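> Build me a model:
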Amino acid sequence: MAHGTLKAVSSRFDLDFCASAPETRNTEHGTLNTAKRQRGTVLFIALIVLVAMTLAGIAIMRSVDTATLIAGNLAFKQATIQSADNGVEQAYQWLLANRTVLANTNLGAGYYSSRPGSEPDWNDPLTWTSAATVGTDAAGNTTSYVIHRLCNCPDTLYNGTCASGSAQQCALTTASNVAPPPGQGDSFAVGASGFLEDPKAYYRITVRTQGPRNTTSYVQSMVAIAL
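Reported below is the predicted structural model:
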């Protein structure tokens with residue numbers, strides 16, 4: 001009787017084991033599928049992060065390149081301005097050396113004895129046809145200048161009569177009739193004589209400097225030269 005009972009229990013155990021075995025395999029199979037799905041999601045996220053990092057790296061590289069380019073352009077611009085200042089000095093020295101003939105236009109030297117009828121287009125190459133060229137420096141900057149005497153009529157003395165019959169009008173500083181207070185180098189003693197100033201005519205110097213990378217700078221300066 002006991003043996004029969006044991007056999008029955010054993011049969012039930014086998015049946016229960018057989019019945020539960022497919023369920024266990026199903027559970028394990030479901031767990032395996034879930035792991036695969038998780039690994040696929042991680043791969044997708046990793047690809048997105050990789051693309052984002054790549055785009056960020058490219059953006060940083062382009063930003064650095066742009067900053068370098070801007071810094072280089074500013075350096076070239078500053079170099080052209082320095083060369084233009086030298087052009088102003090060269091034009092001023094030419095005026096001093098030619099004080100006796102400044103009533104006449106000299107296109108070969110970039111000099112006009114009267115102001116232009118209308119303001120020139122300084123970006124137009126034709127404006128610089130008669131410009132005087134200072135030269136090209138070591139940095140590759142080429143400097144040119146033109147000079148305009150600030151008078152109404154060309155080829156006429158500052159106090160002369162224009163071809164039209166009207167009086168010449170120039171921008172001048174006139175000599176004072178009264179001696180000015182003593183200046184630098186004068187005597188400050190009571191009753192010391194002062195020195196009267198000579199009249200001066202005004203000239204406008206316009207300088208153009210062309211450098212590397214199509215860099216162009218324009219500088220204008222007003223100077224007064226004693227007559």
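
> in the sheet, who's paired with Arg208?
The residues listed as beta-bridge partners of Arg208 by DSSP bridges are Ser144, Tyr218.

> which residues touch it?
For Arg208, the contact set (Cβ atoms under 8 Å, 6 or more residues apart in numbering) comprises 84, 87, 122, 128, 131, 143-145, 216-218. In this view, the C-beta of every residue, glycine as well, is placed from N, C-alpha and C.

> What subset of the residues you listed is buried?
By neighbour count, with 16 or more other Cβ atoms under 10 Å, those hold 84, 87, 128, 131, 143-145, 217 as buried.

> Pick the one among the residues you listed closest to Ala52.
Each of the buried ones among the contacts of Arg208 was scored against Ala52 by Cβ to Cβ, and Ser217 proved nearest at 43.2 Å.

> Report the spatially nearest residue to that closest one, omitting neighbours in sequence.
Distances taken as Cβ to Cβ, 6 or more residues apart in numbering place Thr80 nearest to Ser217, at 4.0 Å, with adjacent residues excluded.

> Tell me the secondary structure at the closest residue to Tyr111 other than its chain neighbours.
The shortest distance from Tyr111 to any residue other than its chain neighbours is 4.8 Å, reached at Ile147 (Cβ to Cβ, 6+ apart). Following DSSP: H, G, I helix; E, B strand; the rest coil, the label given to Ile147 is strand.

> Pull up the per-residue confidence for Ile147.
According to the prediction, Ile147 has pLDDT 98.

> in stretch 117-128, what's buried?
Judged by neighbour count (16+ other Cβ under 10 Å), stretch 117-128 contains these buried residues: Trp128.

> Show me the contact partners of it.
Judged by Cβ under 8 Å, 6+ apart, the contacts made with stretch 117-128 from elsewhere in the structure are 144, 146, 206, 208, 218.

> Kindly recompute the last result at 10 Å.
Around stretch 117-128, the neighbours that count as contacts under Cβ atoms under 10 Å, 6 or more residues apart in numbering are 110, 116, 131, 144-146, 148, 206, 208, 210, 216, 218, 220.

> how long is that stretch end to end?
Across its full length, stretch 117-128 reaches 16 Å between end residues, using Cα to Cα, to the nearest Å.

> now the strands for the protein?
Chain-ordered strands for the chain, with DSSP state E as the definition, fall at 111-112, 132-136, 142-149, 172-173, 200-211, 215-226.

> circling back: let me have the buried ones among the contacts of Arg208 in TSV, extended by distance to Ala56.
Shown next, in TSV, are the buried ones among the contacts of Arg208 (distance: Cβ to Cβ, whole Å):
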residue	distance to Ala56
Ala84	42
Gly87	47
Trp128	48
Ala131	50
Thr143	45
Ser144	47
Tyr145	50
Ser217	38
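
> Which of the contacts of stretch 117-128 sits closest to Val49?
Minimum distance to Val49 across the contacts of stretch 117-128 is 47.3 Å, recorded for Thr216 (Cβ to Cβ).
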